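Engineer: test case, fold it:
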Amino acid sequence: MSLRNGKKKVQNLRQIFLLFLFSFTHLLFSQSNSPLAKYAVDDNTKYTNVGNIAITVTNFGVIGTGFKTWPTQPSFQYPRGSGIEHMFIGGLWVGAITPDGSHRVTTGAIDVSSIKSGQMAGFEFTTGKDSKVVEKSSLADNRYYNPDAVSHQDFIADFTDTNKTNPNQNNEAITDHVPIGINVHLETYAFNYSFADNFVIFNYWIKNVSGDAIDSIYVGLYADLVVRNTNDAPPYGAAFFSQGGMGYTDTLKGEHINLAYAYDYKGDAGDADSYGAIKFLGASPFKNNTGYQSWTFGASQSSNNPLLFNPSDDNQRYSKMATGLSRAEITNGILKPSNNMTMLTTGPFSHIAAGDSINVVFALLAAKMKTWGGPDPDDITVYPHNRDKLYEACSWAQRTYNGEDRNGNGIQDTNEIWTSYGPNHQLQPRRFFLPSPPNAPRVKIVLSSKLAEIYWDRSAEDSKDPISNLKDFEGYRIYGTNAGIDLTVSQDFLSNLVLLGDFDRSDDNIGYNTGFGNVRLKQPVQFLPDTIHYYYKFSVPYLLNGWQYGFAVTAYDSGDASTGLISLESSKLQTLNRVVVGTQPVQDGSKSVGVYPNPYYTRAYWDGSQERDRKLYFFNLPAHAEIRIYTLAGDVVNVMQHDAATYNASDIRWFQKYSDGSQQMAGGEHAWDLITRKDQAVASGLYLFTVKNKDNGNIQRGKFLIIK
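Structural biologist: All right, here's what the predicted structure looks like:
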């Protein structure tokens, strides 16, 4: 049986399996981001959140969540916060020939159609009782700052295949698992740079602890890649998983890029116009070869396409790892759309002696397409540039891995300086090394009616390039979104920012040489209790009250002509602020409290599609107020408490759906979703309201009309 037969039970097999597995063990895929109980240290609560890609990383060989925590925690989401997912589940595979001549494969996760009912086969890595995912950051202002961190967000985890039972849950048996005898140390690296915020690097160190040599080792990254917008297509059932297109690019312009990818073939509701991908970056001992495998979910060897059968035992899995699909098999054998798995493998490593290790590095990437269309947006004869951003991400991921080994050949060439040493004190290149843009400025936004005033500090101007060690700051860019963009691209503010202003140094031949006179303040300002001094200000007038906007300020450098490095810009995401423009608090009652829109007509442009996606605003409120709404008969419809310092409207559905909880309100406005205190939608009619100033007791009154 498979998902493809359409039966409801089998359609939900993935969900049924995961629900059983996770409730049975109490350790995989919790429902929230809260810490797990002490007795269950398997940690699946960590996900990358410094850049624009969000991937769950665990300490038991699994990547992603299997959508068990959907929608509260991402599996492999891009853009971060958008709800567009790119993977159901994934995990590390290691295959080897053991001294007795057996082919063994340890799998971190597998196609769950091969699970035997009631058994925990396929999830074969475990972790110790004192283990946890450790987080570090190279960002000085990050709570996890550590000078030893490699990236802006490192996750560090250790796990093993040596257990036949799970030591964290009553030694529950792992069915059909015969250990190779390996320990794995995993480090993941994520960045917030605008040119490097859409990939996460997975750096695996695999150590032979079996006591005997193991031979012919293959290492693979398996993933059930599926690219869909979960806001419009909830992640369950055959229809969700069967829309995929798969592809593989081994070389590009004569260079190995070793890239396996997936995308939404049909282009259903939600415009999931992006790629999810796996890329092999490198290994030690040196390897630059890969094998690509894909197989159909639940397919047997007797299926219509036996080439794409689902491997169900160690011999079949080892064969898959050792034998990649040919270009012809990829082109002609993988049907689109389909429900296919993806695996990228490197090897063989001829020999690992007892106590020795190998190092294998992959990246998970995501990128937007240039043009969205169907039925196959990856058809390069129709859309020749749709992979451009994906290939660009590949290039930056590879460059990050290569570091001082600039051409990635594993040899110190005459134009390279290597500065690192390996475990045996051999000279090696420093890896995971990126040129960096200036630090992002610190930003403060002050809102008032129809106006946003954006302030930022000058900390970016002291940034030094890590390669040249020179201060190469060049200028600032200010970005903003248009009103209503949140209603068409849920939460994806980042890709919809437009340039509002660009100001750079006037003493060089780079950029526009505008100088900073139009944005520099005569004297820096503070907004107590904030102790930051803000030196610059950019005003954005003529905005619409009650609408949500996004604003960001970046700093960029001058680039480096001697090395061909283009100007680099700090991450927009790092300073992206969501704001709702409106009136400031009015304490003295000099301005009348009011409601807009008034009259309110159902299905106003800013409303969502559902009954609870509505809102109207009370404005000119005091800083601390109580709002009461009445029918003409005097019945209380709703009572709301307003605090200008803390209120951001996250209590109503509109902002839960079209924002992310970080939105900033002007302080003098309060949103109401037209739902009564008895949780019912209000009817058409005239309503009365009172607003009490809780600081002085003054009360104002008014009325508004609702027309449905």
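
Engineer: going by C-alpha atoms from here, please, whenever you check contacts or count neighbours.
Structural biologist: OK.

Engineer: need the phi and psi values for the residue with the largest distance to the centre of the chain.
Structural biologist: The centre of the chain is farthest from one residue, Ala633, which by Cα atoms, centre = their mean lies 50.7 Å away. With angles defined as degrees, to the nearest 10, Ala633 shows backbone torsions of phi -80, psi 0.

Engineer: roughly how far does it sit from Lys708?
Structural biologist: Separation of Ala633 from Lys708 (Cα to Cα, to the nearest Å): 20 Å.

Engineer: what's the answer for Arg431, then?
Structural biologist: Taking Cα to Cα, one finds Arg431 at 62 Å from Lys708.

Engineer: the helices in the chain, which residues?
Structural biologist: Secondary structure of the chain (DSSP state H): helices located at 8-11, 13-25, 238-241, 314-322, 327-333, 388-402, 485-488, 572-575, 653-658.

Engineer: pull the longest strand from this protein.
Structural biologist: The longest strand of the chain (DSSP state E) is strand 214-229.

Engineer: name the nearest residue to Trp205, ignoring sequence neighbours.
Structural biologist: Computed as Cα to Cα, 6 or more residues apart in numbering, the closest residue to Trp205 that is not its neighbour in sequence is Asn359, at 4.6 Å.

Engineer: now do Thr98
Structural biologist: Ile214 (5.1 Å).

Engineer: neighbours around the nearest residue in space to Trp547 that is not next to it in sequence, how many?
Structural biologist: In space, and not counting its chain neighbours, Trp547 is closest to Val580: 5.5 Å by Cα to Cα, 6+ apart. Neighbourhood size, Val580 [other Cα atoms under 10 Å]: 26.

Engineer: Val580 against Gln663, yeah?
Structural biologist: Yes: taking Cα atoms under 8 Å as the definition, Val580 is a contact partner of Gln663 at 7.0 Å.

Engineer: low-confidence stretches in the stretch 251-400 of the chain?
Structural biologist: 267-270, 302, 304 (pLDDT under 70).

Engineer: quick one: the strands in it?
Structural biologist: Counting by DSSP state E, counting those that start in this stretch, the stretch 251-400 of the chain has strands at residues 255-264, 274-284, 291-296, 340-352, 357-368.

Engineer: relative to Ala109, which of those strands is closest?
Structural biologist: Ala109 lies closest to strand 340-352 among the strands of the stretch 251-400 of the chain, at 11.4 Å (Cα to Cα).

Engineer: flag every buried residue along that closest one.
Structural biologist: Asn340, Met341, Thr342, Met343, Leu344, Thr345, Thr346, Gly347, Pro348, Phe349, His351, Ile352 (16 or more other Cα atoms under 10 Å).

Engineer: show me which of those residues is closest to Ile566.
Structural biologist: Among these, and counting by Cα to Cα, the member closest to Ile566 is Leu344, at 31.5 Å.

Engineer: mind giving me the packing neighbours of the longest strand of the chain?
Structural biologist: strand 84-97, strand 255-264, strand 274-284, helix 314-322, strand 340-352 (3 or more Cα pairs under 8 Å, 6 or more residues apart in numbering; DSSP states H and E).

Engineer: can you redo those as JSON lines with distance to Tyr292?
Structural biologist: Shown next, in JSON lines, are the helices and strands packed on strand 214-229 (distance: least, Cα to Cα, whole Å):
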{"stretch": "strand 84-97", "distance to Tyr292": "13"}
{"stretch": "strand 255-264", "distance to Tyr292": "7"}
{"stretch": "strand 274-284", "distance to Tyr292": "10"}
{"stretch": "helix 314-322", "distance to Tyr292": "8"}
{"stretch": "strand 340-352", "distance to Tyr292": "5"}
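
Engineer: let me know which of these is the nearest to Asn620.
Structural biologist: strand 84-97 (37.6 Å).

Engineer: so what's Thr107 up against?
Structural biologist: Gly91, Leu92, Trp93, Val94, Gly122, Phe123, Glu124, Phe125 (Cα atoms under 8 Å, 6 or more residues apart in numbering).

Engineer: got it, and Phe655?
Structural biologist: Taking Cα under 8 Å, 6+ apart as the test, what Phe655 contacts is Ala649, Gly661.

Engineer: touching stretch 566-573 from outside, list them.
Structural biologist: 51-52, 192-195, 197, 436-440, 494, 552-560.

Engineer: returning to that earlier point: quick check: bridge partners of the residue nearest to Trp547?
Structural biologist: Note on Val580: beta-bridge partners by DSSP bridges are Gln548, Met665.

Engineer: quick one: it and Asp673, what's the gap?
Structural biologist: Counting by Cα to Cα, the gap from Val580 to Asp673 is 16 Å.

Engineer: how about Asp250?
Structural biologist: According to Cα to Cα, Asp250 stands 52 Å off from Asp673.

Engineer: ok, those two, which is more surrounded?
Structural biologist: Using other Cα under 10 Å as the criterion, Asp250 and Asp673 rank with Asp673 on top: 20 against 17.

Engineer: count the residues that sit near the closest residue in space to the more buried one that isn't next to it in sequence.
Structural biologist: If you skip the residues right next to it in sequence, Asp673 has Lys615 as its closest partner in space, 4.3 Å away by Cα to Cα, 6+ apart. Neighbour count of Lys615, defined by other Cα under 10 Å: 26.

Engineer: surely Lys615 and Trp654 touch.
Structural biologist: Yes: the criterion here is Cα under 8 Å, and Lys615 meets it with Trp654 at 7.3 Å.

Engineer: overlap in contacts of those two?
Structural biologist: Asp607, Asp673.

Engineer: would you work out how far apart the start and end of stretch 463-478 are?
Structural biologist: Terminal-residue distance, stretch 463-478 (Cα to Cα): 19 Å.

Engineer: residues contacting it, please?
Structural biologist: 435-439, 460-462, 499-505, 510, 551-559.
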